[in-house]
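1. how does the following fold in three dimensions:
(chains A and B)
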2 protein chains.
Amino acid sequence: MANWQSIIREQLEKDREEAVALLQDWVRHPSVQGEEESIQESIAQKLASMGLDVDLWVMEGEELLKHPYFVSPREQFAGSPNVVGVWRGSGKGRSIILNGHVDVVPAGDRAQWSDDPFSGKVEAGKLFGRGATDMKGGNLSSLLAIQVLQKLGVKLKGDVIFQSVVEEESGGAGTLATILRGYKADAALIPEPTNMKIFPKQQGSMWFRLHVKGRSAHGGTRYEGVSAIEKCLQVVQAVGKLEKERNERLEDPLYAKLPIPIPINIGVIEGGKWPSSVADLVKLEGRMGVAPGERMDDAKAEMAAALKGLAEVDPWFAEHPVELEWYGARWVPGAVAEEHPLMEILQRQFEVVRGERAVVEASPWGTDGGLLTALADTPAIVVGPGVTQVAHYPDEFIVLDDVFDCAEIFALALIEWCGLDDTQSDSDK
Amino acid sequence: MANWQSIIREQLEKDREEAVALLQDWVRHPSVQGEEESIQESIAQKLASMGLDVDLWVMEGEELLKHPYFVSPREQFAGSPNVVGVWRGSGKGRSIILNGHVDVVPAGDRAQWSDDPFSGKVEAGKLFGRGATDMKGGNLSSLLAIQVLQKLGVKLKGDVIFQSVVEEESGGAGTLATILRGYKADAALIPEPTNMKIFPKQQGSMWFRLHVKGRSAHGGTRYEGVSAIEKCLQVVQAVGKLEKERNERLEDPLYAKLPIPIPINIGVIEGGKWPSSVADLVKLEGRMGVAPGERMDDAKAEMAAALKGLAEVDPWFAEHPVELEWYGARWVPGAVAEEHPLMEILQRQFEVVRGERAVVEASPWGTDGGLLTALADTPAIVVGPGVTQVAHYPDEFIVLDDVFDCAEIFALALIEWCGLDDTQSDSDK
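-> Numbering: from 1, shown residues only, chains lettered A, B, ... in the order given. Just a heads-up that it's a prediction; the model follows:
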């Protein structure tokens, strides 16, 4: 295997310039929700050129839309196709899914970006742009792992299934659709931005919407009304208190290093219609983390109880309870045993490539891995080159060396996991 | 005069049914900003049928748009004409402006209304709907005051100028346009909803917009970012503290009965784009009250200082100061001497009609009266039949008896103020 490592590295070096250009091209596609078509068509062409069996389709139909795990703010996916490419093995090997999403979150406040949010600019070994880290850079690692083995004439026994999915950022409908279409494997790798840490456990999460009520009045006699904006202060504090309680009792050692292992984030606030009227309604939208092993319904019940508790500190809430709705995105928590054979392979190859021990933690956020593990009987492990801290941030970037290191680790892991078909490989190495 | 009172009352009684139907019709015009054309045309027709010289025009032009007192979120007023109708006096009498606005604030959350917000429903002596109190009911009192005198064959010496203006709710551009068109008088009455209290002083007010900054991050690692929503809590509290300080030092006895004489209302909040991202920007919009006699620039400086003070409690604000912008609406504070002759007339006629002493206070909100007093040399007094507490509220209503009482007081005041032309009146009463 030492030999494999050096020749894989050498080949990746040769292909580096072209690979960076490809990632730049991907980042320059502003593939926010609903705008994924052009990048997916481009990826499908690339996979076809590599000889994979390519499947590009727009998901639809009752089976998907009525599925208990289906969550999305939309039911029409025109303009947002999924892409799967299968590199067929010769048989009798273990199969693997390399799953990644192409949808990116919106760029946010342009003023906070040093450059165009979709510039793809390369500087000092980093490639910049929304989606570079989350998670087009990781997707490139997966693609390069396949490509480098092909270039070296390697033939594997097990199938390698490359998946470029939509809708991860809003709950995983893209990956759910791949499962319903029949894709499954003996394991899955998801190169989400983990700073190259290996996450056998994935935190789940789900979105909520709160409606906080007030009573309207003219701003000049605002004491005749009740400001929903002022009431929101108490709601935000109550949610913060719940977050604190939930995290304090969390004992999983994999989470030990995280300041807030399962955060509750309020990401959107919107209320009131007129500067000189008292706001009668404020909407809050947020995301609640769910611990691996925790039932989503239990987490929901805790949120409901925290909001109900507001009535004890302020009678207003007894008469005008905060409305709680679970909507939109949801990521099922998932867990793979730390002793899983692919965990062992990944940690070993990480050490081979990086010369240091891999860090094994639990993911601080949900991924599509929960769906693969829960529904497709496909244990999913999350590890990727992206920089966790800049995901969803202005000036998002990825360190290019990490993309290639990850590709190297993946290529080595594929050989071990899927098995080398010596009889067919046209390489004698 | 006692005789005038009883015959005016008798005539108003005769006209009551038709007058209520007219107010219903007005309320059923949902004349929110930009949607005032149909009601203004209807009012212009009514004034023309009463023999007034009618002036309906869409305001425009540099003189208006560049005027230092011009404030409006828009610069095009197509669909929002002003209407003025002049009932010419025979000469040598004092003239008066009866000014009222037809624009109404939006209905707000429909669910908080018992009926359609523009129903015009009459029940138990009340007429319901957005604008009934603020201030179409008051406008009707003005119109009835003219009409009842006409029906009784009265001829006045001074001109009575009925003004139905737009844009009061966003800063008074409508009334400013009447001034620039040349309309002025020896005094003005503005029947804003005062619960029949008489307001010689008018609080000014102005709108502000705050931008509170955070730093974006993925919600799952929200501790890597800074939530602009959480920072807003401190900003709202700082504004509340400033409001408290400003009101505690206010000593005008006319404000003694008001819980918060010059409120600062934050009416709109909006920020964040994604439930699972940390919000990097929140916008707040509100209205700051300005005391009669206070310089608007001084009030602005106090707001700026309060926001600057945030840096002392949280270093975040030192590096990311809250942005303050004064925008949109502004109402100039105004004051008429309590000894003004029209004040005396109004208080006396109030007592004649209602059999009790009038309450004289300072207005808790700005009106167009500040502009008339400051720019048109037209001392403006605010008194009207509307119910202060339901202005800008769901289930806004007006008490119909008050509308007719106010019309009676206005009619009597017009006779006294403008002077009766005995030589021309075709009545011998």
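
2. which regions of chain A sit below the pLDDT cut-off?
-> Where chain A drops to pLDDT under 70, the residues are A:1-2, A:424-429.

3. quickly list the domain ranges of it.
-> A:2-202+A:333-418, A:205-329 (automatic domain parsing).

4. got a list of what residue A:209 touches?
-> A:283, A:284, A:285, A:324, A:325, A:326, A:327, A:328 (CB atoms under 8 Å, 6 or more residues apart in numbering or on different chains). Where C-beta positions appear, they are placed from N, C-alpha and C, glycine not excepted.

5. can you pull out the strands in the stretch 101-250 of chain A?
-> A:122-123, A:126-128, A:160-165, A:188-190, A:198-202, A:204-213 (DSSP state E, counting those that start in this stretch).

6. about what we covered before: the domains of chain A: which one's closest to residue B:76?
-> Comparison of the domains of chain A against residue B:76 by CB to CB identifies domain A:205-329 as nearest, at 20.3 Å.

7. against the centre of chain A, work out the most remote residue.
-> Largest separation from the mean C-alpha position in chain A: residue A:221, at 48.0 Å (CA atoms, centre = their mean).

8. how about the nearest residue to it, chain neighbours excluded?
-> Leaving aside its chain neighbours, residue A:221 sits nearest to residue B:364 (5.2 Å; criterion: CB to CB, 6 or more residues apart in numbering or on different chains).

9. what's around that neighbour, how many residues?
-> A count of neighbours around residue B:364, defined by other CB atoms under 10 Å in any protein chain shown, yields 27.

10. on that earlier part again, so the residue farthest from the centre of chain A makes contact with residue B:361?
-> No. The pair residue A:221 / residue B:361 is not scored as a contact, 12.0 Å apart, by CB atoms under 8 Å.

11. give me the nearest residue to residue A:72, chain neighbours excluded.
-> Excluding the flanking residues, the one nearest residue A:72 by CB to CB, 6+ apart is residue A:173, at 4.4 Å.

12. repeat that for residue A:165.
-> Going by CB to CB, 6+ apart, residue A:165 has residue A:174 as its nearest residue, at 3.3 Å.

13. kindly report the same for residue A:279.
-> Leaving out its chain neighbours, the residue that sits closest to residue A:279 by CB to CB, 6+ apart is residue A:272, at 3.2 Å.

14. quick one, which of the strands of the stretch 101-250 of chain A gets closest to residue B:84.
-> Nearest to residue B:84 among the strands of the stretch 101-250 of chain A is strand A:204-213 (41.6 Å), distances taken as CB to CB.

15. re the thing from before, ok, the residue nearest to residue A:221 - contacts?
-> Per CB under 8 Å, 6+ apart, neighbours of residue B:364: A:220, A:221, B:203, B:255, B:258, B:261, B:263, B:289, B:388.

16. go with 7 Å
-> By CB atoms under 7 Å, 6 or more residues apart in numbering or on different chains, residue B:364 lies in contact with A:220, A:221, B:203, B:258, B:261.

17. so residue A:221 sits against residue B:392, correct?
-> No. Between residue A:221 and residue B:392 there is no contact under CB atoms under 7 Å: 8.8 Å.

18. how close does the residue nearest to residue A:72 get to residue B:206?
-> As for residue A:173, its distance to residue B:206 is 48 Å (criterion: CB to CB, to the nearest Å).
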